[in-house]
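Peer 1: Model the following, please.
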Amino acid sequence: MKPQDEAAAKITFGVELETTIPQSAGIEVGGYHRGRPVTGGVHAATAAMTAAPMFQRTAWRAEHDASIRARTGREACEFVSPVLSGTDGVEHLLDFVRWAKSIGANVNASCGLHITVGVASVIGTDDPAAVGAFARRLAHMARWHARSLFGQTGTGRHLGAYSRMFADDVGELMEKVNRSGSVTEKDEACRMCGRGMVNFRKLYSHGVIEFRVFAGTLNTSKLLHHLGTVLGLCRRAAEVECLGGFRKNLKQQKRTGNAADALRYLWDFLGWTGSRRPVTLGLFGPLHSEFGTFRKVARRMCARFDSRFPTAAL
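Peer 2: Take a look at the predicted model:
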């Protein structure tokens, strides 16, 4: 496999894991956007208290989300990570997921997985014009690769109101974000894009973008593929010099006719396969070393998506 992407290891990211947990798990779940620190919980098998992993002495937070449905004896819990980065950040994410599963956390169809990225850590500046140009390129790429993004979940995430496919007007709004000389106008256009597959609403207020396309999961192979995809697309958007239209061209349409083909196209686009790129964009540490494992899971999810949603308008 080609060398790992050292630049991607500098990107800051955060993860939100929407789950349900046993009411007996010993987790204090705070209100929406008022999460409580996660310091420990009750092990589901032994009933012993077990300490939660922390990243650089910072705890995850547990908060309520009304969109999560929980059956009797369980409660909705969204685990929100600290700001993560590098190999240590990826390994910590895996450690926390293993801990969450040990206290009985699981996911259902109402759960999502959100990955937030600090834009300045990708492009090296917070200059409003550069940020807008990056956002436009990323929106185009997310639209082109929508079938592989939704496909790798294996679910109907594309049908969700808050994770839907980009509408055509997002392309026009991103043109405004790119061209306007007013930060106020750029911010307004970002907010008008709504909360679709990628959320740009906090681009100028907080300097971040949020991928909402993924279904809830505590499967580490799925998590690694989703995270690598996000970081890889951000890296490609940061370095691309020539950008096509918002809608797919004929070549892109041919290569993304189904999710299985779209996945192969995504891997080539990011340099995970093929010979067109010198490094595997977005992949480092476990994201790089475990590619041989999580690629099999992604293929299986795309095959499942194709069987369930053969006519998805993506």
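Peer 1: tell me the contacts of the most centrally placed residue in the chain?
Peer 2: Centroid-nearest residue in the chain: Ile115, 3.6 Å away (criterion: C-alpha atoms, centre = their mean). By C-beta atoms under 8 Å, 6 or more residues apart in numbering, Ile115 lies in contact with 13-16, 210-211, 214, 226-227, 230. Every C-beta, even on glycine, is put in place using the N, C-alpha and C of the backbone.
Peer 1: For Arg57, state which of those residues is nearest.
Peer 2: Checking the contacts of Ile115 against Arg57 with C-beta to C-beta, the nearest one is Gly14 at 16.4 Å.
Peer 1: Kindly list the main-chain dihedrals of the residue nearest to the centre of the chain?
Peer 2: phi -120, psi 120 (degrees, to the nearest 10).
Peer 1: Then Arg61?
Peer 2: In terms of degrees, to the nearest 10, the main-chain angles of Arg61 are phi -120, psi 150.
Peer 1: surely it meets Tyr32?
Peer 2: No. Judged on C-beta atoms under 8 Å, Arg61 makes no contact with Tyr32 at a distance of 11.3 Å.
Peer 1: Can you measure across stretch 215-225, start residue to end residue?
Peer 2: End-to-end distance for stretch 215-225, by C-alpha to C-alpha, to the nearest Å: 13 Å.
Peer 1: who's in contact with the nearest residue to Glu63 once chain neighbours are set aside?
Peer 2: In space, and not counting its chain neighbours, Glu63 is closest to Gly35: 3.5 Å by C-beta to C-beta, 6 or more residues apart in numbering. Shown in contact with Gly35 (C-beta under 8 Å, 6+ apart): 29, 61-63, 78, 80.
Peer 1: Which stretches in the stretch 151-300 of the chain count as helices?
Peer 2: 168-179, 183-192, 220-239, 250-255, 259-270, 286-289, 291-308 (DSSP state H, counting those that start in this stretch).
Peer 1: the more surrounded of Arg61 and Tyr32?
Peer 2: Arg61 (19 against 11; other C-beta atoms under 10 Å).
Peer 1: Report the separation between the closest residue to that one other than its chain neighbours and Val131.
Peer 2: In this structure, Arg61 finds its nearest non-sequential neighbour in Gly35, 2.9 Å apart by C-beta to C-beta, 6+ apart. From Gly35 across to Val131, the span is 27 Å (C-beta to C-beta, to the nearest Å).
Peer 1: Thr280 too?
Peer 2: According to C-beta to C-beta, Thr280 stands 25 Å off from Val131.
Peer 1: before we move on, back to that, would you list the helices of the stretch 151-300 of the chain in a markdown table and tack on mean neighbour count?
Peer 2: Formatted as a markdown table, these follow (neighbours: other C-beta atoms under 10 Å):
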| stretch | mean neighbour count |
| --- | --- |
| helix 168-179 | 18 |
| helix 183-192 | 18 |
| helix 220-239 | 23 |
| helix 250-255 | 12 |
| helix 259-270 | 22 |
| helix 286-289 | 21 |
| helix 291-308 | 18 |
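Peer 1: Figure out which of the ones you listed is closest to Val107.
Peer 2: Val107 lies closest to helix 220-239 among those, at 10.4 Å (C-beta to C-beta).
Peer 1: the inter-axis angle of the closest one versus helix 259-270?
Peer 2: Angle of helix 220-239 versus helix 259-270, following axes from the mean of the first three to the mean of the last three C-alpha atoms, to 10 degrees, is 50 degrees.
Peer 1: Would you mind checking the average pLDDT for helix 220-239?
Peer 2: Mean pLDDT, helix 220-239: 98.
Peer 1: Out of the helices and strands in the protein, which is least certain?
Peer 2: helix 250-255 (a mean of 93; mean pLDDT, DSSP states H and E).
Peer 1: Using JSON lines, lay out the contacts of Ile115 together with distance to Asp169.
Peer 2: Shown next, in JSON lines, are these (distance: C-beta to C-beta, whole Å):
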{"residue": "Phe13", "distance to Asp169": "28"}
{"residue": "Gly14", "distance to Asp169": "28"}
{"residue": "Val15", "distance to Asp169": "29"}
{"residue": "Glu16", "distance to Asp169": "26"}
{"residue": "Glu210", "distance to Asp169": "19"}
{"residue": "Phe211", "distance to Asp169": "20"}
{"residue": "Phe214", "distance to Asp169": "23"}
{"residue": "His226", "distance to Asp169": "26"}
{"residue": "Leu227", "distance to Asp169": "29"}
{"residue": "Val230", "distance to Asp169": "23"}
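Peer 1: so of those residues, which ones are in strands?
Peer 2: Judged by DSSP state E, the contacts of Ile115 include 13-16, 210-211, 214 as members of strands.
Peer 1: Please consider this matter closed, and thank you.
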